[in-house]
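Student: what shape does this take:
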Amino acid sequence: MNLNYQIPLDELSNQVHTIDDVSYLSDFVEQSYYGVIWDRHIPVNIQDWLNKIDPKLIPSFRHIFHKNEVRKSINKIFENSLSKDTQINWLIQDITRLSKLFSSLMKVDYIRLRMEVISTNSCRKFHIDAVKARLICTYRGLGTQYGMSMDGIDPKHFKTTPTSSPILLKGTLWIEDNPKMILHRSPPIEGTGETRFVFVTDPIFDPENEI
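Tutor: The predicted model follows:
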């Protein structure tokens, strides 16, 4: 096999499917795509608020929740750092919505939620996650970058997920030994002054084993 072989960008759309209607999110599990992007446009005033808010006010967290406890738990996390207003209520509702959509899609009762405020080159190397699947939504800053690889070689050609558009990616526990895979990374931003708000959720199939 030629390890220098690179997948052209135009083939990426055949492997990472883009939808503009959330009802087609099921394509992620029902079709053979390696990933799905929900290309959406959030309200302009919300995106403007996310772009301007002091990053120190956004809580970072990593917890496992039952799908029915997400909204109450996220409310509690955010009430310690931000006063309730239209913008924060929208963010809480959106995190709750994405969490419920993903847990339903993966048919799990428990999910791991993570919010990170990133200003360094965190996860800047292309990789595939050691999970069944993962949802990533970058609410502020450059979105997740992804490209197709053969045998784990870093892709020279890659795309960037639109800000605030969730991307769902299959991990090693789904893909197993397939030599063709979608690798992704956090865009390198250290030294640029940029700060990213990244929300991640993973399915939990055995909560007792995760505690």
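Student: distance from stretch 170-188 to the middle of the chain?
Tutor: Here the centre of stretch 170-188 is set off from its chain's centre by 13 Å, with CA atoms, centre = their mean, to the nearest Å.
Student: output it as CSV, restricted to C-alpha atoms.
Tutor: Extracted C-alpha coordinates of stretch 170-188, given in CSV (Å, rounded to 0.1, in the frame of the first residue of the first chain):
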residue,chain,number,x,y,z
LYS,A,170,-17.4,7.4,14.5
GLY,A,171,-14.5,6.2,16.8
THR,A,172,-12.3,3.1,16.9
LEU,A,173,-14.9,1.0,18.7
TRP,A,174,-17.2,1.4,15.7
ILE,A,175,-14.7,1.4,12.8
GLU,A,176,-12.4,-1.2,14.2
ASP,A,177,-9.7,-2.3,11.7
ASN,A,178,-10.8,-0.4,8.6
PRO,A,179,-7.6,1.2,7.1
LYS,A,180,-9.6,4.1,5.7
MET,A,181,-10.8,6.5,8.4
ILE,A,182,-11.6,10.1,9.2
LEU,A,183,-9.1,11.7,11.5
HIS,A,184,-9.8,15.0,13.3
ARG,A,185,-8.1,17.6,15.5
SER,A,186,-8.6,20.8,17.3
PRO,A,187,-7.1,23.6,15.1
PRO,A,188,-3.8,24.9,16.4
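Student: any chance you could map the helices in this protein?
Tutor: For the chain, helices defined by DSSP state H occupy the ranges 9-15, 27-30, 44-52, 70-79, 86-106, 172-175, 207-210.
Student: now tabulate those helices in a markdown table and tack on mean pLDDT and mean neighbour count.
Tutor: C-beta here means a position set from N, CA and C on the backbone, and glycine is covered the same way. Putting the helices of the chain into a markdown table (pLDDT from 0 to 100; neighbours: other CB atoms under 10 Å) gives the following:
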| stretch | mean pLDDT | mean neighbour count |
| --- | --- | --- |
| helix 9-15 | 79 | 13 |
| helix 27-30 | 92 | 16 |
| helix 44-52 | 95 | 13 |
| helix 70-79 | 92 | 16 |
| helix 86-106 | 95 | 18 |
| helix 172-175 | 84 | 15 |
| helix 207-210 | 78 | 10 |
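Student: hmm, Met128 is touching Thr172, no?
Tutor: Careful, residue 128 is Ile and not Met. Yes: applying CB atoms under 8 Å, one finds Ile128 in contact with Thr172, separated by 5.7 Å.
Student: ok so, going back, to Lys132, which of the helices of the chain lies closest?
Tutor: Evaluated over these, closeness to Lys132 peaks at helix 172-175, with 4.4 Å, by CB to CB.
Student: for that closest one, which outside residues touch it?
Tutor: Tyr34, Ile128, Asp129, Ala130, Val131, Lys132, Ala133, Met181 (CB atoms under 8 Å, 6 or more residues apart in numbering).
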